[in-house]
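Novice: what's the 3D shape of this:
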Amino acid sequence: MSDNSPLVGDEKLAGSDVCASAPGPSGGGERAGKELTNRSLTDYFRCDEALARFKLAEGISGPHGYFRFGEDTICYGQLSTGRVARSLQQPLPEAAASIETNGAALIFPFDPSQVVENLRREHYVPTLVHGRERVLSHEWARHVYYFVRDVLPTPVRRSLQRAYFSDWKTRPFPAWPVDFTVDTIHEKTLLLSMRAAGLERAPFIWFWPEGAPSCLILTHDVETAVGRDSSSDLMDLDDAYGFKASFQVVPEKRYEVSSSYVQEISSRGFEFNVHDLNHDGRLYLQREEFQRLWEYTSPAWAGKFLHEWTGRVMRSRLEPMKKIARTLCSHRELLLNYFRAKRGLSSGVVEGLNNKAKLTMRKSYGFRTFRVIEVALYHALAKLPEPNVAHRFF
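Specialist: A predicted model of the protein is given here:
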């Protein structure tokens, strides 16, 4: 790190939310009292690990819910007090006042890494669904919308979209259109660590190259053939300002996508992406797309496919598929073990044994002793010779 690295003081820091592959909600009771490293903080700031050491208070367990980390920050996770709000309409307990210091180590009443991952993986979503959204999120509602979508005039579609998002700006959490909760949690955690260590300034690696204050992701949705035919002019306009954008196309039914069109976008340094096959909201409901994962033999390529597939799903509006993506992300390393073992090991045998064991016990309608259960399971699972006469169980 160079001597002119940015320094963190009491001022608010600039940053940007990122996506990481890490476990979802989990309790911290088994780690209470132990000194831990906040990997989320070191990954975010690339700061000295000494500033990311902390301990968890005893009793972090119970249901997940909402609480405050300062007046302006709403978190979702578990508290050592066990008292969390189940919805944003309830009074939110304040966690900042319960943070203690033990020397230079902070003792948190919540697990900061867990809270950050809950936010990144949107584990709070089921508790936020309002009555109107609960109706509109049903599969039949999407079927109706996409069935009539092509015949609806653009102004009507825009009006429906505005009506759907009408109350988003008034919601306290997450903030619309950009939520900075993850950034704020990291900033507050680092400042608390600095104060506990008696530091006023600390070096860290800046987020963007050459001291840039922010980054911009520019995308163009190519909805119709008119948009496709205007792509060259749009690339000229982007180049005039030094931008390189991503073109999101709909390649199946709306218009033809030729190889020359794809080549032009790629050769000029722009990115070509599939926005949706038919723009009918069902792209990620196709089972065949995910089944491609099992065709890989390299753990690296399998991990890349899994990362890209879950990333696309998390950017979609299909909540059932986003739930599956969160589960896959939380078990990512276990899934990749299958490829690391060169696809030679499978849990199918274990699952089969478990199923036969449950079936054996269910058929018996109960056993009086464990020894009888053991004998029955040996006969069912180990294929021992069956006696000529029926067993007599006592």
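Novice: helix, strand or coil for Cys75?
Specialist: Cys75 carries the three-state label strand when classified by DSSP: H, G, I helix; E, B strand; the rest coil.
Novice: Begin at 890 from now on, thanks
Specialist: I'll keep to 890 as the first residue from here, and by that count the last item is Cys964.
Novice: Can you give me the distance of it to Arg1090?
Specialist: From Cys964 across to Arg1090, the span is 27 Å (C-beta to C-beta, to the nearest Å). For glycine as for every other residue, the C-beta is placed from the backbone atoms N, C-alpha and C.
Novice: Looking at these two, which one has more neighbours?
Specialist: Set side by side, Cys964 and Arg1090 show more neighbours around Cys964, with 27 against 10, by other C-beta atoms under 10 Å.
Novice: Could you pull up the contacting residues of that one?
Specialist: Residues near Cys964 by C-beta atoms under 8 Å, 6 or more residues apart in numbering: Tyr955, Phe956, Arg957, Phe958, Ala984, Phe999, Val1004, Asn1007, Leu1008, Thr1070, Ile1074.
Novice: repeat that for 6 Å
Specialist: Counting by C-beta atoms under 6 Å, 6 or more residues apart in numbering, Cys964 touches Phe956, Phe958, Val1004.
Novice: Same question for Leu1107.
Specialist: With contact taken as C-beta under 6 Å, 6+ apart, Leu1107 is in contact with Phe1132, Ala1134.
Novice: Show the pLDDT at it.
Specialist: The model reports Leu1107 with a pLDDT of 92.
Novice: now swap in the one 3 residues further on and tell me
Specialist: Among the per-residue scores, Asp1110 holds a pLDDT of 90.
Novice: And for Pro1274?
Specialist: pLDDT recorded at Pro1274 is 59.
Novice: Give the burial count for Tyr1035, as a bare number.
Specialist: Neighbour count of Tyr1035, defined by other C-beta under 10 Å: 14.
Novice: and what of the one 3 residues further on?
Specialist: Look at Arg1038: counted by other C-beta under 10 Å, it has 15 neighbours.
Novice: swap in Ser1148?
Specialist: Count around Ser1148 with other C-beta under 10 Å applied: 7.
Novice: now Val1040
Specialist: 7.
Novice: can you check Trp1097 too?
Specialist: 12.
Novice: so how far is Glu989 from the residue nearest to it when sequence neighbours are not counted?
Specialist: Closest residue to Trp1097 apart from its sequence neighbours, by C-beta to C-beta, 6 or more residues apart in numbering: Cys1104 at 5.4 Å. With distances taken as C-beta to C-beta, Cys1104 is found 37 Å from Glu989.
Novice: tell me, what residue is most central in the protein?
Specialist: Nearest to the mean C-alpha position of the chain, by C-alpha atoms, centre = their mean, lies Arg1010 at 2.6 Å.
Novice: ok, that one touching Ala1214?
Specialist: No. Taking C-beta atoms under 6 Å as the definition, Arg1010 is not a contact partner of Ala1214, at 8.7 Å.
Novice: Secondary structure element holding Val1037?
Specialist: Taking DSSP states H and E as the criterion, Val1037 maps to helix 1028-1037.
Novice: Quick check: next helix or strand after that helix?
Specialist: Per DSSP H and E, the first helix or strand lying C-terminal to helix 1028-1037 is helix 1043-1053.
Novice: Now that next one - C-alpha only, PDB.
Specialist: In PDB, the C-alpha atoms belonging to helix 1043-1053 read as follows (Å, rounded to 0.1, in the frame of the first residue of the first chain):
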ATOM      1  CA  THR A1043     -46.300   1.500 -23.800                       C
ATOM      2  CA  PRO A1044     -48.000   4.300 -21.800                       C
ATOM      3  CA  VAL A1045     -50.300   1.800 -20.200                       C
ATOM      4  CA  ARG A1046     -47.400  -0.500 -19.200                       C
ATOM      5  CA  ARG A1047     -45.500   2.500 -17.800                       C
ATOM      6  CA  SER A1048     -48.500   3.400 -15.700                       C
ATOM      7  CA  LEU A1049     -48.900  -0.100 -14.400                       C
ATOM      8  CA  GLN A1050     -45.200  -0.100 -13.400                       C
ATOM      9  CA  ARG A1051     -45.400   3.300 -11.700                       C
ATOM     10  CA  ALA A1052     -48.500   2.100  -9.800                       C
ATOM     11  CA  TYR A1053     -46.600  -1.000  -8.700                       C
END
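Novice: what packs against the next helix or strand after that helix?
Specialist: For helix 1043-1053, the following helix or strand on the C-terminal side (DSSP H and E) is helix 1070-1085. If you count contacts as 3 or more C-beta pairs under 6 Å, 6 or more residues apart in numbering; DSSP states H and E, helix 1070-1085 packs onto helix 928-934, helix 1001-1009.
Novice: Least reliable of those by average pLDDT, please.
Specialist: Between the helices and strands packed on helix 1070-1085, the lowest average pLDDT goes to helix 928-934, which shows a mean of 84.
Novice: what's in contact with that one?
Specialist: Helix 928-934 is touched from outside by Glu938, Ala941, Ser1002, Val1005, His1075, Thr1078, Phe1093, with contacts defined as C-beta under 6 Å, 6+ apart.
Novice: Going by neighbour count, list what's buried in that helix.
Specialist: Using 16 or more other C-beta atoms under 10 Å as the test for burial, helix 928-934 gives Ser929, Leu930, Thr931, Asp932, Tyr933, Phe934.
Novice: List phi and psi for the nearest residue to Asp1110 once chain neighbours are set aside.
Specialist: Leaving aside its chain neighbours, Asp1110 sits nearest to Gln1137 (4.9 Å; criterion: C-beta to C-beta, 6+ apart). Dihedral pair for Gln1137: phi -100, psi 110, per degrees, to the nearest 10.
Novice: What's the local residue count around Gln1137?
Specialist: Residues within reach of Gln1137, counting by other C-beta under 10 Å, total 17.
Novice: Isn't it up against Val1163?
Specialist: No. Using C-beta under 6 Å as the test, Gln1137 is too far from Val1163 to be in contact (7.5 Å).
Novice: quick check, Pro1102 in a strand?
Specialist: No. Checked against three-state DSSP, Pro1102 lies outside a strand; its state is coil.
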